[in-house]
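S.K.: generate coordinates for the sequence data below:
(chains A and B)
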Number of protein chains: 2
Amino acid sequence: MTQSSAFRTDRYELTMVDAAINSGRANLECMFEAFARRLPTGRRYGIVGGTGRLLELIRQFRFGDAELTWLEDNAVVRRPTLDFLADYSFTGSIWGYREGDAYFPGSPLLQVESSFAEGVVLETIILSVLNYDTSVASAAARMVSVSLGRPIAEMGSRRTGEYSAVAAARAAYIAGFASTSSLEAGRTWGIPTMGTAAHSFVLLHNSEEEAFRAQVDAFGADTTLLVDTYDVPRGIALAVAVAGPQLGAIRIDSGDLPTVVAAARAQLDALGAVNTTITVTSDLDEFAIAALSASPVDAFGVGTSVVTGSGEPAAGLVYKLVAHKGPAAEWISVAKTSASKVSIGGRKNAVRRLDEFGTAQEEIVLLGAGPSAEVLAPLTDGGAPATERPLLVPLITDGVFDEGFMGPEGTSRARAHNATAMQELPIEAFRLGRGEAVIPTTYR
Amino acid sequence: MTQSSAFRTDRYELTMVDAAINSGRANLECMFEAFARRLPTGRRYGIVGGTGRLLELIRQFRFGDAELTWLEDNAVVRRPTLDFLADYSFTGSIWGYREGDAYFPGSPLLQVESSFAEGVVLETIILSVLNYDTSVASAAARMVSVSLGRPIAEMGSRRTGEYSAVAAARAAYIAGFASTSSLEAGRTWGIPTMGTAAHSFVLLHNSEEEAFRAQVDAFGADTTLLVDTYDVPRGIALAVAVAGPQLGAIRIDSGDLPTVVAAARAQLDALGAVNTTITVTSDLDEFAIAALSASPVDAFGVGTSVVTGSGEPAAGLVYKLVAHKGPAAEWISVAKTSASKVSIGGRKNAVRRLDEFGTAQEEIVLLGAGPSAEVLAPLTDGGAPATERPLLVPLITDGVFDEGFMGPEGTSRARAHNATAMQELPIEAFRLGRGEAVIPTTYR
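M.R.: Down below sits the predicted model:
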């Protein structure tokens, strides 16, 4: 598999370009929009993930000789389309919600303004990245919101595809996770990495004691010893005997955690290891973390549930043509109208109305305005004092990428922005039980 | 992100090597095993996916200067470990269930025999690939089993990570899907690709009729026209008016499908388009496909549900040290024993016992035998005539890869093997409702 992102695309994006070149509509100026018709079942908010990764992939979206030859050999498209693809690099503009921000049904998360051909070929890669990363970020935010400030490490690489693993580590970090087990996420995105040993390391040695001694010899007493290979109380006693009361941490990966953790804390304290912390890592999700609120857990490790979106592995975002220019260069709104998948056409802008305490009250989608319009003028709502935070920022302007949203720097900014956006949400947003979107989306 | 697969690895795999080099156990000959403690909830069988992809990734598992420098700069491991990683290429042996085969709880899907250090560093990549691809293959097989021979296209690239999308297309094809929308899957694995147009193509034009005419002009009357942008009966009438009764196919992506499809078939027939086929693509999963058994659908397109494992996005496979050599070079079985995650240690082999009609009766795991032992001698079971199909094949032998399981050829072989393995399953396997594994796993 090559590095070009251009082939991670559905065939029909290219056949549509082919037919549109043939019909003379390929160069028509268009606006595409990515949005969610609804939140995942029972969720009260979603968190935007993937934007920084997506910008890198759009920059790499080029068709090289290998791709063009394959398309020609397989008769996917014809010569005019091959010529268009050979020259392809995105020259339009993209606005989007800031990565890490909250979103709600109908929020116009990404707006792509370009020719039809330039915008339609990005559909698959835009949705792949945003759907997966947003799914992970949305699940991760729920876990962080019930962790009471205790750090959570992402360690689910083994439970999702080997590239998605790196994306998941990044999305979880943006939503407030503290670290990841993934080396590639550490290298590529600057995320702190963690991890010491698995059960296999204990089983490799002739005894648990020998394994603990080997680990302490290698990493010092400040390491984390995994104490549940055989018997937890015996494991803890051995761990403190080997490392001394200055042992950094123990990790528990099985059992009835509230019971086991309470007993472990008492045992550590009795052994004088009062500063030794307890990390738990056994099939945790937001509900299990919440259930450990009153337990003396110091840190969590989460795997499967976060990298699979905790029951919602795809965020359900769609990408639709919402407007194109008409004969007098005016914007014409368009939308599918049949059956259950109705869309709201037209160029849009969006603001989040906050009350005097800075708490979100309403997601306001401004129809017809378009993302480049000035939206800072205060909207009034029955005279109540309120502010409106604009939600769309320019990510690419006439083909020029805003580097500040990309790379490790963009990842850190997104994490900081997420912390701010979470503070705006009404307290009801953090109930784990099923509910509706915590603020309404209104169209103006 | 670079091409080396070596960093798509959890940090603790490398710190374990570091500590094991320090303790003198790194070179000990070991056997690791990948298996599932249980099937996904309610499933009656699973399908192995990912093996061919995994072999490619193990071959690429090399630490280059960039990786080594990063590990050194971040003090992840020390000099002896850096030297070991610099020279790393897998020199051991791996046996596995054939890709496409069925599996059950406890089936020893992959057996890795190597030094501790060589085997432990592969844990993350092995589980990432097998967990995701197996999840997709297992879901896809259920869909194929209720499709009554009608072809299913995989079109879920937009609902999973942009690399996982390619893996999903491959896993679904192995489990019997006919084609994919993913160009990269077509190029890399030789899978037939499909796709013509989305709603945006219709919305781009001044009318549905103009859009249909543009598409027929480009691709001929044999194309597939998407008829549900506005109103399905009107769309069908227009489609046949534009393309003539020789129209290739219509696609319907919304609505109450059994009703809409029946009406569409009647309308097409009345218009003389008796050979025009009907493809449906609206949020299908195995249950929706089964509900269309009696409907005049000719082909299905499936997206979200197949690429997310239809509710089970990770197969739950684990990778455990099950044996290591002792002082006299004898194999010593090892296993974690605490709490709920008990494993069965020891080297294993496996056979599937079939009755006289070739129907699977029992998954037999042979303890202590090891994968290289001869298992073709018939096992007897109360004198009943039966055969035992050996399940483990050598994938890598002393560092030499079996190319026949890799690349497009390996993908085709896996698809053919899946068809055979599905034929062996008892008919109860194909019930969609929740149930237990359709055959028991026994240990001997």
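
S.K.: grab the nearest non-local neighbour of residue A:196.
M.R.: Nearest non-adjacent residue to residue A:196, counting by CB to CB, 6 or more residues apart in numbering or on different chains: residue A:224, 4.8 Å away. Placement of C-beta: from N, CA and C, glycine included.

S.K.: any idea how far that neighbour is from residue B:54?
M.R.: Per CB to CB, to the nearest Å, residue A:224 is found 29 Å from residue B:54.

S.K.: compare those two (neighbour count), which wins?
M.R.: Of the pair residue A:224 and residue B:54, residue B:54 is the one with more neighbours under other CB atoms under 10 Å in any protein chain shown, namely 28 against 23.

S.K.: I'd say that one and residue B:126 touch.
M.R.: Yes: at 6.3 Å, residue B:54 and residue B:126 qualify as touching, with contact defined as CB atoms under 8 Å.

S.K.: please name the nearest non-neighbouring residue to residue A:268.
M.R.: residue A:276 (5.1 Å).

S.K.: I figured that neighbour hits residue A:247, correct?
M.R.: Yes: look at residue A:276 against residue A:247 with CB under 8 Å: they come within range, at 4.6 Å.

S.K.: can you list residues touching both of those two?
M.R.: Counting by CB atoms under 8 Å, 6 or more residues apart in numbering or on different chains, the common neighbours of residue A:276 and residue A:247 are residue A:240.

S.K.: spit out the contact partners of residue A:427.
M.R.: Counting by CB under 8 Å, 6+ apart, residue A:427 makes contact with nothing.

S.K.: for it, give me the pLDDT.
M.R.: pLDDT recorded at residue A:427 is 97.

S.K.: separation between it and chain B?
M.R.: Residue A:427 sits at a distance of 31 Å from chain B (criterion: CB to the nearest CB, to the nearest Å).

S.K.: what of residue A:208?
M.R.: For residue A:208 relative to chain B (CB to the nearest CB), the value is 11 Å.

S.K.: tell me the contacts of that residue?
M.R.: Applying CB under 8 Å, 6+ apart, the residues near residue A:208 are A:202, A:229-230, A:234-235, A:238.

S.K.: residues in contact with residue A:350?
M.R.: Per CB under 8 Å, 6+ apart, neighbours of residue A:350: A:97, A:107-108, A:363-366, A:390-392.

S.K.: can you flag which of the residues you listed belong to strands?
M.R.: Among the contacts of residue A:350, the residues falling in strands (DSSP state E) are A:97, A:363-366, A:390, A:392.

S.K.: could these go into CSV alongside neighbour count?
M.R.: Listed next are these as CSV, based on neighbours: other CB atoms under 10 Å in any protein chain shown:
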residue, neighbour count
A:97, 26
A:363, 25
A:364, 21
A:365, 21
A:366, 23
A:390, 15
A:392, 26
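
S.K.: pick out whichever of these sits closest to chain B.
M.R.: The closest of those to chain B turns out to be residue A:97 (CB to the nearest CB; 18.5 Å).

S.K.: shouldn't residue A:196 be within a strand?
M.R.: No: under DSSP: H, G, I helix; E, B strand; the rest coil, residue A:196 falls outside any strand and is assigned coil.

S.K.: how much space separates it from residue A:220?
M.R.: 11 Å.

S.K.: point out where the stretch 201-350 of chain A drops to low pLDDT.
M.R.: Counting by pLDDT under 70, the stretch 201-350 of chain A shows low-confidence ranges at A:338-342.
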